[in-house]
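> What follows is a protein structure lacking sequence information:
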């Protein structure tokens, strides 16, 4: 018997997980392994209507791997980072404006650790306009390239810099802000 019912949303990325009991997410090791397999196969998973409490979301994430707690202090529950431009709900709301462009969550770790495996989002309050989150399957895009295009890009690396992303929306930072951005190391990704 399968632990999950999966409904593919597109041919290249995304699937809906149907019929998961939210109470099992944090406590069932077999379910966690099945979710990781489904994530590997589909790139993005959607669980509609779970309404997880923040504590349950963090416990679930712990089943999938290490929880990123680098943003502690932004939410009463360690491991939760509020995605909002409302400064009363997130003191670092201005930082999020730089995520409006294409980005990968967790691609600027503080040390040499690998970028995070996944991001778990819970829609608590959805914006009336905007706020879309889009996903792309770069594996599928690479597979669609011609042999000449693959040869051209296979040795290329992209360097992600916190400073570069923040300067797009904050072009004139204070010296203190600039020093804080530059303290975060850059990382090259294939």
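Looks like it arrived, so ask away. The structure displayed is predicted, hence computed values, not measured ones.

> Now do the closest residue to residue 101 other than its chain neighbours against residue 7, distance only.
In this structure, residue 101 finds its nearest non-sequential neighbour in residue 168, 6.4 Å apart by CB to CB, 6 or more residues apart in numbering. (C-beta placed from N, C-alpha, C; glycine too.) Taking CB to CB, to the nearest Å as the measure, residue 168 and residue 7 are separated by 36 Å.

> Ok, residue 185 next?
For residue 185 relative to residue 7 (CB to CB), the value is 40 Å.

> quick one: the residue nearest to residue 101 and residue 99 touch, right?
No - contact criterion CB atoms under 8 Å: residue 168 and residue 99 do not qualify, at 10.3 Å.

> Which one of these two is surrounded by more residues?
More neighbours surround residue 99 than the other of residue 168 and residue 99, with 14 against 11 (other CB atoms under 10 Å).

> Pull the number of nearby residues for the closest residue to that one other than its chain neighbours.
In space, residue 99 comes closest to residue 165 once its chain neighbours are excluded; the distance is 7.6 Å by CB to CB, 6+ apart. The local packing of residue 165 (other CB under 10 Å) involves 21 other residues.

> Who are the contact partners of residue 165?
Neighbouring residues of residue 165 by CB atoms under 8 Å, 6 or more residues apart in numbering: 98, 99, 101, 103.

> State whether residue 188 is indeed within a strand.
Yes - Residue 188 forms part of a strand when assessed by DSSP: H, G, I helix; E, B strand; the rest coil.

> For the nearest residue to it once chain neighbours are set aside, report the pLDDT, please.
Leaving aside its sequence neighbours, residue 188 sits nearest to residue 157 (CB to CB, 6+ apart; 4.2 Å). You'll see residue 157 listed with a pLDDT of 91.

> which residues touch residue 157?
188, 189, 190.

> Let me know the closest of those to residue 18.
Distance to residue 18 across those (CB to CB) is lowest for residue 189, with 32.9 Å.

> Tell me how many other residues surround that closest one.
10.

> again with residue 190
Neighbourhood size, residue 190 [other CB under 10 Å]: 10.
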